[in-house]
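*Asks:* Sequence and computational prediction follow.
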Amino acid sequence: MASKPVAGARAGTTGNGKPAAPRARPYKDFLTPALHRCFTSAALIGLGTCWIEAILMAKPSLFWSWFPFSFTGIRLGLLFISSLTIFILRVAQLHIGARTDTSGMSSLLSLGFNKATFWTIVWYWISAFLFSEVYIFSTPSTANLAWVDPGRSYERPRLNERAVLLRTMFGILAFAQAIVHVCGDYDSLRIPLPASTTSNRHWDATGRPVAGQERAPLLQIRDKLPRLLVRSLILTFVVGIWGPVIYFVLLRSMAWSVARTTVRPFFTVHKSQTPSGLSDVFALWARYMWSAAMLVLLWETTNLAFTIYATQAPLKKGQPLTNDSKNPNGSLINGLRSKREIPRSMALWELRLISEGFEDRRNTIYNDFEKGGASTWLDVAGSCMAVIQGVSKSIYNAQTANLYPAQPTTEAAPPISKARLTQPLQDNPNIFNPAPRPQSPLDAIADGVGSVAKSLGQSSGGSPLVKKALTILENPAGQAQPGAQRITGQANRYALDFLRSPLGSPFRVSFAQRANAMVFGSPYSNAADVHNAVRALTRLAAASLREDNFGQVQKDVAQIMRTLMSTIRELQNLLRTLEPHWTDVYFDEKRRAPEIEKLLDALKEGLESIVTTFGEYIDALGISRQELRLAKELVGQRQEMVAIQQKS
């Protein structure tokens, strides 16, 4: 027997005389507060990191070094502003899914001239500037990091190149971290994919799945801190080695000019001053390593905290976000229909969670009707089917757009027609007129060869020289072809050797990258949306056998099964027939594409649940015996793969 609907579910049909369901609020009204809570939690992690670093910058003191209402508190506030700039950057450039660039060079071309890359560099530079000023302000006077060196009483104040170099090093560090941020796709939110039922998965007392990605955020941050520390030290050390080289070779005069312009309103600095050189270089380098390591660790911790909290499941107090709505299903459908990727992806994720572990809320999807014969089930199923069918549409669009043309082939030159010896004489020929002048170099050669032939006589055998000349004239393209083939072959060999080298890695377009771009779209992958749509639709269909009191799901079971089968065949055909790109020098005949194989497994798993649940009712559902047999064959392929994986 189906459970009672949860409080706040939609009202019954208006045709039965019951009041109409309240107007559904937009899905963003529930998602935005959830994201605000995530932002606040991540900001607290950043604030704690800033407090620790403010204590490390303070003068040794048993009480005042950590007490917030002291200079440590002022440093804490300024350092937190440096951390907030990274949060602003993340919120502004947030997107769902990983990039689907086909090669490193295509990524470079798309990101190198991108406005988002420019703003990433700007925000990291602002953060580094604020941090560097706080650190220099916290150092004692013996560190000699002031803007101006007053010198002796009889000397003019001079710019302190130690301070100029240290600030320039922080700017170089900001640029390097921005490149790491862009290349590492830090702005991407990777929604966890639903785990397969054959994987190692645990379930809690309520029957809800518990996976590794659902651990407490603080535990996830704790586990990744050692790796963050190592990464921070590596970047700090690399910039510490190459930064001074870049400064003295490229940036010294410009940095000196900017520094002089900056301090002139406050100090009397002569325009003709030149860089004064450095003193106590190793102490300065040690100070850079210490402060830069703290800054990079602050950046990495801020990014990690934001990513972990922003990818938390769309739940509030253990319940779906839209449960607080007066019309929960209506708000959820608004999210599924949203044109913006973040609300739509989160709504699909919430729908998948509802289908897996919230039986009361799931029942409302079957039993909730709308005016004019529509229902929540039709809206939900239609949204999921559109996402699944979008895979086939994406493949078709990529194939018809011819995004990856084959290697260009040079067409052979048309053969030169031979004049027949038995061709009749021209009408009224004047054989005493001089021969016309040759119009091309080839005609000149032919004319010369003809003169030689006449001088040697018109014997049937002819001279070997004449035979060679006539052969060249008859087929000049054929004679030139071996040389061109040798040149082309050498060029191809050099190109392939380059592609096999480490330097050729950015230019290689692998089979898996091409297939992923065709299946999941570009510039960002929608793999999570497809997985969530498949899992939600198939779980809702399978559970309807005992929970759908009105029997409305059974009308769509055949269409669901056909859509799954069609998508499976499309993906299998793509993996079987897609030609490798000519730069894919490490192409394997196994044609492996792990992300597509995961999707195939999810589709077959969903198809298996449909076949297992409704197999004995195929006659009433409009499914033919042949379709059932084909579905079982596809399910059997998956079961064979699962058995092989379990044995291995």
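*Replies:* Sure thing, it's come through.
*Asks:* so who does Gln93 touch?
*Replies:* Ala116, Trp119, Thr120, Asp187 (CB atoms under 8 Å, 6 or more residues apart in numbering). Just so you know, the C-beta spots here come from the backbone N, C-alpha and C atoms, and that holds for glycine as well.
*Asks:* counting contacts, what elements does the strand or helix carrying Leu84 pack onto?
*Replies:* Assigned by DSSP states H and E, Leu84 belongs to helix 71-92. Judged by 3 or more CB pairs under 8 Å, 6 or more residues apart in numbering; DSSP states H and E, helix 71-92 is in contact with helix 28-57, helix 115-138, helix 281-310.
*Asks:* Now the second one: average pLDDT?
*Replies:* Spelled out, it's helix 115-138. For helix 115-138, the mean per-residue pLDDT is 95.
*Asks:* Tell me which other helices or strands it touches.
*Replies:* Packed next to helix 115-138, using 3+ CB pairs under 8 Å, 6+ apart, are helix 28-57, helix 71-92, helix 161-183, helix 281-310.
*Asks:* Pull the residues that contact the very next helix or strand once past it.
*Replies:* Scanning forward in sequence from helix 115-138 by DSSP H and E, the next helix or strand is strand 148-149. Identification of contacts with strand 148-149 by CB under 8 Å, 6+ apart yields Pro157, Arg158, Leu159, Asn160, Val263, Phe267, Val269, Ser276.
*Asks:* and which of the residues you listed is nearest to Ile342?
*Replies:* If you rank these by distance to Ile342 using CB to CB, Val263 comes first, at 45.3 Å.
*Asks:* any idea how the chain splits into domains?
*Replies:* As given by automatic domain parsing, the domain ranges for the chain are 29-193+206-301, 367-403+509-647, 441-505.
*Asks:* Let's see stretch 488-508 as PDB, backbone CA atoms only.
*Replies:* Provided in PDB are the C-alpha atoms of stretch 488-508 (Å, rounded to 0.1, in the frame of the first residue of the first chain):
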ATOM      1  CA  THR A 488      55.300  13.800 -47.700                       C
ATOM      2  CA  GLY A 489      56.300  10.600 -46.000                       C
ATOM      3  CA  GLN A 490      59.300  12.200 -44.300                       C
ATOM      4  CA  ALA A 491      57.000  15.100 -43.100                       C
ATOM      5  CA  ASN A 492      54.500  12.600 -41.700                       C
ATOM      6  CA  ARG A 493      57.200  10.600 -40.000                       C
ATOM      7  CA  TYR A 494      58.600  13.800 -38.300                       C
ATOM      8  CA  ALA A 495      55.100  14.900 -37.300                       C
ATOM      9  CA  LEU A 496      54.300  11.500 -35.800                       C
ATOM     10  CA  ASP A 497      57.600  11.400 -33.900                       C
ATOM     11  CA  PHE A 498      56.800  14.800 -32.500                       C
ATOM     12  CA  LEU A 499      53.300  13.800 -31.400                       C
ATOM     13  CA  ARG A 500      54.800  10.800 -29.600                       C
ATOM     14  CA  SER A 501      57.200  13.000 -27.600                       C
ATOM     15  CA  PRO A 502      56.200  14.800 -24.400                       C
ATOM     16  CA  LEU A 503      56.200  18.100 -26.400                       C
ATOM     17  CA  GLY A 504      53.500  16.700 -28.700                       C
ATOM     18  CA  SER A 505      51.100  15.900 -25.900                       C
ATOM     19  CA  PRO A 506      49.100  19.200 -26.100                       C
ATOM     20  CA  PHE A 507      48.500  18.500 -29.800                       C
ATOM     21  CA  ARG A 508      47.100  15.000 -29.400                       C
END
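*Asks:* Please compute how far it lies from its chain's middle.
*Replies:* 26 Å (CA atoms, centre = their mean, to the nearest Å).
*Asks:* swap in stretch 320-338?
*Replies:* The chain centre lies 28 Å from the centre of stretch 320-338; the measure is CA atoms, centre = their mean.
*Asks:* could I get it in CSV with only the CA atoms?
*Replies:* C-alpha atoms of stretch 320-338 as CSV (Å, rounded to 0.1, in the frame of the first residue of the first chain):
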residue,chain,number,x,y,z
PRO,A,320,14.8,17.5,-0.1
LEU,A,321,15.2,21.3,-0.5
THR,A,322,11.7,21.7,-2.0
ASN,A,323,10.0,20.1,0.9
ASP,A,324,9.7,23.5,2.5
SER,A,325,7.6,24.7,-0.5
LYS,A,326,3.8,24.8,-0.3
ASN,A,327,3.9,23.1,-3.7
PRO,A,328,7.1,20.9,-3.5
ASN,A,329,6.6,19.1,-6.9
GLY,A,330,5.8,22.3,-8.7
SER,A,331,9.0,24.0,-7.4
LEU,A,332,11.0,20.9,-8.4
ILE,A,333,9.5,20.9,-11.9
ASN,A,334,10.4,24.6,-12.2
GLY,A,335,14.0,23.7,-11.5
LEU,A,336,13.9,20.8,-14.0
ARG,A,337,12.7,23.3,-16.7
SER,A,338,15.1,26.0,-15.8
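*Asks:* State the mean pLDDT of it.
*Replies:* Rounded mean pLDDT across stretch 320-338 is 93.
*Asks:* about what we covered before: which one in the contacts of strand 148-149 is the model shakiest on?
*Replies:* Scoring these by pLDDT puts Val269 last, at 68.
*Asks:* Can you report how many residues neighbour the closest residue to Glu350 other than its chain neighbours?
*Replies:* Computed as CB to CB, 6 or more residues apart in numbering, the closest residue to Glu350 that is not its neighbour in sequence is Pro314, at 4.3 Å. Applying other CB atoms under 10 Å, we find 25 other residues in the vicinity of Pro314.
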